[in-house]
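Undergrad: got a sequence here, can you model it:
(4 chains)
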2 protein chains.
Amino acid sequence: MRKINPHDFKVARRGTSRAINRQIALNLIRAHQPISRADLARLMNVRRGVASLLVSELLEEGLIFEGAVGEAVGRGRRPTFLYIDTRQRCIVGVDVRASRTYIMITDLMGHQIGAVSSFQTNRDHDVLVQDLARRVKQLLADYKEIGSCAGIGVVVPGMVDLAAGRVLHAPTLAWRDVNLRDPLTAAIGFPVHIENSGKACALAQLWATRSDVLTAGHSVFVSVSDGVGTGIVVNGELMRGRHNTAGEFGHVPLSIDGPRCSCGATGCWEAYVSNIATLSRYFGRDLAEPGPRDVDASTFTVEDLIARARAGDAKALAAINSTARYLGLGLASIINAVDPARVYVGGEITTAWSLIEPIVRSALRERTLTEFGGMTEVHVVPAEEHPRLRGAVALVAAPAFAAPMVA
Amino acid sequence: MRKINPHDFKVARRGTSRAINRQIALNLIRAHQPISRADLARLMNVRRGVASLLVSELLEEGLIFEGAVGEAVGRGRRPTFLYIDTRQRCIVGVDVRASRTYIMITDLMGHQIGAVSSFQTNRDHDVLVQDLARRVKQLLADYKEIGSCAGIGVVVPGMVDLAAGRVLHAPTLAWRDVNLRDPLTAAIGFPVHIENSGKACALAQLWATRSDVLTAGHSVFVSVSDGVGTGIVVNGELMRGRHNTAGEFGHVPLSIDGPRCSCGATGCWEAYVSNIATLSRYFGRDLAEPGPRDVDASTFTVEDLIARARAGDAKALAAINSTARYLGLGLASIINAVDPARVYVGGEITTAWSLIEPIVRSALRERTLTEFGGMTEVHVVPAEEHPRLRGAVALVAAPAFAAPMVA
DNA sequence: GAGTATATGTTCGTTGTTTAGACAAAATCA
DNA sequence: TGATTTTGTCTAAACAACGAACATATACTC
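TA: You can find the predicted model right below:
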């Protein structure tokens, strides 16, 4: 039950019905391919004639293509199968992180082509833009046979002004109000989309075809790394808020008297569960504080810590278990606030999931208000799936499939 | 950019464009009445012919009516003004609270008719249903000349299963899984809508005509009384989540080591800012704990406390100031999570707003992540506006104006 | 192998809706 | 009194869903 905004609405024009049904058809083909015109008509509950017209329109625009004639199910004429046309177009996804920047190339469905490459992130954004432009151009040249590029998606660990294409604040990169989109667009020559990494991860899961049935348009992505990034999907739409800064559950407190957080406040969830927090707990001091560090502490990662815990280091296990408990307590707050059908968790800590899952779940149940909330599905997204890169790709791929704005 | 759910979508039928434009027209008349067909056509950017057809449809259905011929602005034929037809229909709003239950009767626009009445809440829900049915019937008989009743809206301080019309859990009433809707419908004979009070308050503000311009579909309602109720509006739609339990920011922690909350957990925001928490702070002990209470503590209200603070009682002022600070800290979490254009605050504590606003604002700024967030408008809703009763009424009134479900 | 049944995909007339423009009615101004 | 302007209605054209018929292609049956 949405309210129509009397100052910003979309009147239905002559072509609106067609536009709506066209997008529905496109999405059904995406979700059920290979699929025939007749099956499409049955799914949409319209006459075959209508489905045929919609299909011919999508064919003309090159969004879908007719594959081989399929096998007949019983008797009768064999169907001609339809597919999303992922040939001749590609998407480049870029994940800018504090230490390294990752690049991936995919087809229009977001299927990975070739390997993920990476290079050291230069914190001077002008240099980074040049680095990126060179590498993206090289990648597109290497995969020339795949066809033209539909766009570049870039995710950054910080807040983004979508309209201006600017990174408002990225603490780990020490960026403030950096225009990344326009210089990149100018240097590469293809449209560039920029977004916060947590939001993009949530988008990627929303648009992943496998998630269709269960999440029903309500899901949450929590990315635990140096910081904690979150993206919230409500009613099938990413929650952006008034300034595209919604969804920052990483800085909701667990204890306002708790440890200092990178954001300047104290006791944020992030200050309890981020990789830095976990390592600090292990080393028994605050790694965020400036000061001398031994070699161990500066190169030692959470993966190393998990390895030690698995090898029987009780102190390592205790540090991870603490993080697990705080993770569950924070997830409970998100579940109480959003009531999602599923929570996705990504980040290095998930490699220890078999160790920590019971602790996470028990902490989660401890603070969820309802029995349903306590049973909320928590789904681990392993690093090999490259959730941030998939999010970057989704920035480019998703708009073509989105519902038209109406009413 | 909403995703189309390939398992639950709405195909555009022949009448879909009409249905969309009909609702837009209805909303524009609601927002701009009195308005002529020609002005409506200009606002919608359609031909006058289309607007005329839409209007005649709305006239036939009795949703609007033609008023007197208006004054001509310059030369030319005078316009005939259109209005939402609030005659001959009424709505009854019911606010069930732990101590008392309130009843109000309004027209279809939600404009109050007569005075608000109230009676003591009987915690036996069967008795309460009978009490309510009798009083609502009496009220409708008293205002017989207003016309037939479009429906009864009931708000309760607890979680509600909308599909089943059941109150899942209302702690202050000690209700669990109580079917309120069906017995009430049977006893009164008009459709009954039940909803959580925080959600309903948010709905009422969303549908209040004055808020159209500024909130842009992103707003939050926080109701501070015995507990803390919240309702979140995202993209012009109330955030319900998978089980209609979304929006419970009252139980997001300020400090997980903090005081015990009625929900069973510790350190919830509610345990810091609810009226009970404020009074406990003043009396120096936990009022939620069972045990002997002096007369003072059981009849003394937050309003009394505020009166003492205004009269110069330093201890009272300190208790209120603490609440103000915690209020601001919690609001910051909501703002970080939702990034609303405006936050509405209701409840007894708002009568002290002139005292506490600077403290609330400063605490809010302390924990908001962005400058924009820190500037988020906080709007006090005084008790005289009866926000919960308006919410109850909105449950009945809003569906007629909502955008049609499409795509 | 011919005929029948069945499924796919196209075509065509019907109905409903927006779009474009003309027209009558009503008011102001010269 | 006539020109001008605005409102509201009406008509034809374009467009899209609806409904049914038709051609095509395959499998099954006798």
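Undergrad: can you check the pLDDT for the closest residue to DNA strand D within the stretch 51-200 of chain A?
TA: Using C-beta to the nearest atom of the strand, the single residue of the stretch 51-200 of chain A nearest to DNA strand D is residue A:75, 2.8 Å away. Where you see a C-beta, it was placed from the backbone N, CA and C, and this is true even at glycine. According to the prediction, residue A:75 has pLDDT 79.
Undergrad: any idea which element it lies in?
TA: Using DSSP states H and E, residue A:75 sits within no helix or strand.
Undergrad: that one: neighbour count?
TA: Burial measure for residue A:75: 5 neighbouring residues, criterion other C-beta atoms under 10 Å in any protein chain shown.
Undergrad: same check on residue A:361?
TA: Around residue A:361 there are 17 residues (other C-beta under 10 Å).
Undergrad: isn't it up against residue A:378?
TA: Yes: the pair residue A:361 / residue A:378 is scored as a contact, 7.3 Å apart, by C-beta atoms under 8 Å.
Undergrad: who does the strand or helix carrying residue A:280 touch, helix- and strand-wise?
TA: Using DSSP H and E, residue A:280 sits in helix A:275-283. Applying 3 or more C-beta pairs under 8 Å, 6 or more residues apart in numbering or on different chains; DSSP states H and E, one finds that helix A:275-283 contacts helix A:302-311, helix A:314-338.
Undergrad: for residue A:181, give me its contacts.
TA: A:154, A:164, A:165, A:166, A:192, A:193, A:194 (C-beta atoms under 8 Å, 6 or more residues apart in numbering or on different chains).
Undergrad: now the strand or helix carrying residue A:199: buried residues?
TA: Counting by DSSP H and E, the element that carries residue A:199 is helix A:197-207. Of all the residues in helix A:197-207, those buried under the rule 16 or more other C-beta atoms under 10 Å in any protein chain shown are A:197, A:198, A:199, A:200, A:201, A:202, A:203, A:204, A:205, A:206, A:207.
Undergrad: count of neighbours near residue A:130?
TA: Based on other C-beta under 10 Å, the number of other residues close to residue A:130 is 15.
Undergrad: can you list phi and psi of it for me?
TA: When read as degrees, to the nearest 10, the backbone of residue A:130 gives phi -70, psi -50.
Undergrad: next one: it relative to residue A:187, how far apart?
TA: 7 Å (C-beta to C-beta, to the nearest Å).
Undergrad: again with residue A:181
TA: 11 Å.
Undergrad: what of residue A:102?
TA: Distance, residue A:102 to residue A:187, using C-beta to C-beta: 19 Å.
Undergrad: burial count for the residue nearest to residue A:253 when sequence neighbours are not counted?
TA: Nearest non-adjacent residue to residue A:253, counting by C-beta to C-beta, 6 or more residues apart in numbering or on different chains: residue A:267, 4.5 Å away. By other C-beta under 10 Å, the residues close to residue A:267 number 23.
Undergrad: mind listing what residue A:267 touches?
TA: Residue A:267 makes contact with A:253, A:254, A:255, A:256, A:257, A:258, A:259, A:261, B:255, according to C-beta under 8 Å, 6+ apart.
Undergrad: 7 Å instead?
TA: A:253, A:254, A:255, A:256, A:257, A:258, A:259 (C-beta atoms under 7 Å, 6 or more residues apart in numbering or on different chains).
Undergrad: ok, residue A:228 next?
TA: A:222, A:250, A:269, A:270, A:273, A:274.
Undergrad: now do 6 Å
TA: A:250, A:270, A:274 (C-beta atoms under 6 Å, 6 or more residues apart in numbering or on different chains).
Undergrad: then residue A:353?
TA: residue A:380.
Undergrad: hang on, it in a helix?
TA: Yes: secondary structure of residue A:353 (DSSP: H, G, I helix; E, B strand; the rest coil): part of a helix.
Undergrad: what's the per-residue pLDDT of it here?
TA: Reported pLDDT for residue A:353: 95.
Undergrad: again with residue A:295
TA: Listed pLDDT for residue A:295 reads 45.
Undergrad: repeat that for the one 4 residues further on.
TA: Per-residue confidence (pLDDT) for residue A:299: 79.
Undergrad: distance of it from residue A:278?
TA: 15 Å.
Undergrad: the more surrounded of these two?
TA: The residue with more neighbours, out of residue A:299 and residue A:278, is residue A:278; 27 against 9, by other C-beta under 10 Å.
Undergrad: for the residue nearest to the more buried one when sequence neighbours are not counted, grab the count of nearby residues.
TA: In space, not counting the residues next to it along the chain, residue A:278 is nearest to residue A:323; the distance is 4.5 Å by C-beta to C-beta, 6+ apart. By other C-beta under 10 Å, 27 other residues sit near residue A:323.
Undergrad: mind jotting down where the strands sit in the stretch 101-250 of chain A?
TA: A:112-120, A:148-156, A:159-161, A:166-170, A:175-179, A:192-196, A:219-224, A:228-234, A:237-238 (DSSP state E, counting those that start in this stretch).
Undergrad: which one of these lies closest to DNA strand C?
TA: Checking these against DNA strand C by C-beta to the nearest atom of the strand gives strand A:237-238 as the closest, at 25.2 Å.
Undergrad: in the stretch 201-350 of chain A, what spans have low per-residue confidence?
TA: Within the stretch 201-350 of chain A, the segments meeting pLDDT under 70 span A:211-213, A:285-298.
Undergrad: repeat that for 80
TA: Across the stretch 201-350 of chain A, the ranges flagged by pLDDT under 80 are A:209-216, A:284-299.
Undergrad: up against chain B, what does it have?
TA: A:206, A:212-213, A:218, A:234-237, A:239, A:241-243, A:245-246, A:248-249, A:251-252, A:254-257, A:263, A:265, A:333, A:336-339, A:341 (C-beta under 6 Å from any C-beta of the partner chain).
Undergrad: lovely, talk soon.
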